[in-house]
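Chemist: pasting the structure only:
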């Protein structure tokens, strides 16, 4: 046996066991809340390192509080909340991705931790130190030393291979997200440009239609000028006459009926009304 390997092997086995238990807890929670089974965690395999490392910290640091549930709860609450916060921060810094987000939950800190799950951590600390670990410690201590060393070595080989593969996968995912962001920005620019071109085309079409309508209307008035000339007297008699609902009809009508002076008077009056 390698000197000091016994303690190291036991810690590795405990890490493996609690990381696996954490994976079970996470998957069961999602199954209960969402009604579907999801392989939770950063790694491909059935292990959540946050639970494994957190459990080791709690066992080593908080076992002296096993006789004081309140102190154990508060300490686990603080230890695990701090660990979850910094793990979340580290993953965000490395991969530019927020792997979990509690922003929609009350009393959260930057979406990385929240009061609800911190309370869960406190309760799990009591369960771990007072009930689960004593039984796990008895079981692991009863295993032959060579078996413990073999399990520890095999797990480390698998674990580091899984970590490398998962990190590579996460980096590829982060690159994929960047490509999607760039693609979205490019498509947005093309969309805005297309909308501007469509607006210009629509405006040109409206102007063309307006001019065509004006020409057609003016031609129609000229064809009926003999009849419409009878209304010149009304225009000359009422120089302040207005056509609020007629739009462009005013200018065309005055012009075609030969009431240029009245048209000038009306334009000046209308200009005065707008300025006032």
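Modeler: Thanks, I have it. Here the structure is a predicted model, which means the values were calculated and not measured.
Chemist: wait, residue 149 sits on residue 9?
Modeler: Yes - the pair residue 149 and residue 9 qualifies as a contact (C-beta atoms under 8 Å) at a distance of 5.0 Å. Backbone N, C-alpha and C define where each C-beta goes, glycine included.
Chemist: So between those two, which is more surrounded?
Modeler: For residue 149 against residue 9, the residue with the higher neighbour count under other C-beta atoms under 10 Å is residue 9, and the figures read 25 against 20.
Chemist: Please determine how far that one is located from residue 51.
Modeler: Between residue 9 and residue 51 the distance, using C-beta to C-beta, to the nearest Å, works out to 19 Å.
Chemist: Equivalent analysis for residue 36, please.
Modeler: Shown here: residue 36 relative to residue 51, a distance of 21 Å by C-beta to C-beta.
Chemist: between those two, who's got more neighbours?
Modeler: Neighbours per residue, other C-beta under 10 Å: of residue 36 and residue 51, the larger number sits with residue 51, 24 against 7.
Chemist: which other residues reach the helix or strand hosting that one?
Modeler: Residue 51 is part of helix 49-62 when elements are defined by DSSP states H and E. By C-beta atoms under 8 Å, 6 or more residues apart in numbering, the list of residues contacting helix 49-62 from outside reads 11, 14-19, 21-23, 25, 42-43, 72, 75-76, 79-80, 83-84, 87, 121, 125, 128-129, 133.
Chemist: Would you tell me what the next helix or strand after it is?
Modeler: Reading on from helix 49-62 to the C-terminus, the next helix or strand found by DSSP H and E is helix 69-95.
Chemist: tell me which strands and helices that next one is in contact with?
Modeler: Helices and strands in packing contact with helix 69-95 are listed as helix 49-62, strand 113-114, helix 115-127, helix 145-223; criterion 3 or more C-beta pairs under 8 Å, 6 or more residues apart in numbering; DSSP states H and E.
Chemist: In the sheet, which strands lie alongside the very next helix or strand once past it, parallel or antiparallel?
Modeler: Once the chain leaves helix 69-95, the next helix or strand it forms, by DSSP H and E, is strand 108-109. In the sheet containing strand 108-109, the strands it pairs with under DSSP bridges are strand 113-114 (antiparallel).
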